[in-house]
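Asker: fold the following and give me the result.
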Amino acid sequence: MLHSATARRGALVLALAVVLVPFGVPRMLDRASAPPTSRAGSSFAAVCRDHGGTPAPAAGSTQRACFLRYGRRVYRMDAITPRGFDVDAAHFQRRGCAQARRRATPASAERGGTFVFHPATGICERRP
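Answerer: As a prediction, this is how the structure comes out:
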């Protein structure tokens, strides 16, 4: 009787371990890792300038923004945040740029219209 109670407890502990370890424990222990940014803790203006941009207040907002000129157009650098360069934001910009390139009509491509992604700035430039 004592042996079967111990076996049941052992099976219960094993079942809980199988459920918790793959799903819950790694996420709880991973709280110390920082979000995917570089130069966290640097000033916003320094990060902006390091990536070739110009810090300025965003139009109609009290928040800061980082702007960069490619050709005749000025782009807002979404990947520059107060915590540094956001790798995820740059990744989504790259995906959006690839989608825009695929959706461009053949006529616009013949006229020279294309989209170019710049990894250092996280900007998808629209070239005429």
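
Asker: right, and the helix or strand after the strand ranked longest in the chain?
Answerer: With secondary structure taken from DSSP state E, the chain has its longest strand at strand 64-70. Following strand 64-70 in sequence order, the next helix or strand is strand 73-76 (DSSP states H and E).

Asker: of all the residues in that next one, which ones are buried?
Answerer: Residues residue 75 are the ones in strand 73-76 that count as buried (16 or more other CB atoms under 10 Å). Quick note: C-beta positions are derived from backbone N, CA and C, even for glycine.

Asker: give me the sheet partners of that strand and which way each runs.
Answerer: Taking DSSP bridges as the criterion, strand 73-76 forms sheet pairs with strand 64-70 (antiparallel).

Asker: what helix or strand is residue 100 located in?
Answerer: Per DSSP H and E: helix 87-103 holds residue 100.

Asker: cool, residue 8 as well?
Answerer: Element membership of residue 8, judged by DSSP H and E, is helix 2-23.

Asker: packing partners of the helix holding residue 100?
Answerer: strand 114-118, strand 123-127 (3 or more CB pairs under 8 Å, 6 or more residues apart in numbering; DSSP states H and E).

Asker: strand 123-127 and the first one, what's the angle between them?
Answerer: By that I understand strand 114-118. Here the directions of strand 114-118 and strand 123-127 differ by 150 degrees (axes from the mean of the first three to the mean of the last three CA atoms, to 10 degrees).

Asker: tell me which residues are up against strand 114-118.
Answerer: Contact partners of strand 114-118, identified using CB atoms under 8 Å, 6 or more residues apart in numbering, comprise 70, 93-94, 97-98, 100-101, 104, 123-127.

Asker: partner strands of it and their direction?
Answerer: In the sheet, strand 114-118 lines up against strand 123-127 (antiparallel) (DSSP bridges).

Asker: how much space between residue 57 and residue 114?
Answerer: 31 Å (CB to CB, to the nearest Å).

Asker: so which of those two has more stuff around it?
Answerer: Using other CB atoms under 10 Å as the criterion, residue 57 and residue 114 rank with residue 114 on top: 15 against 10.
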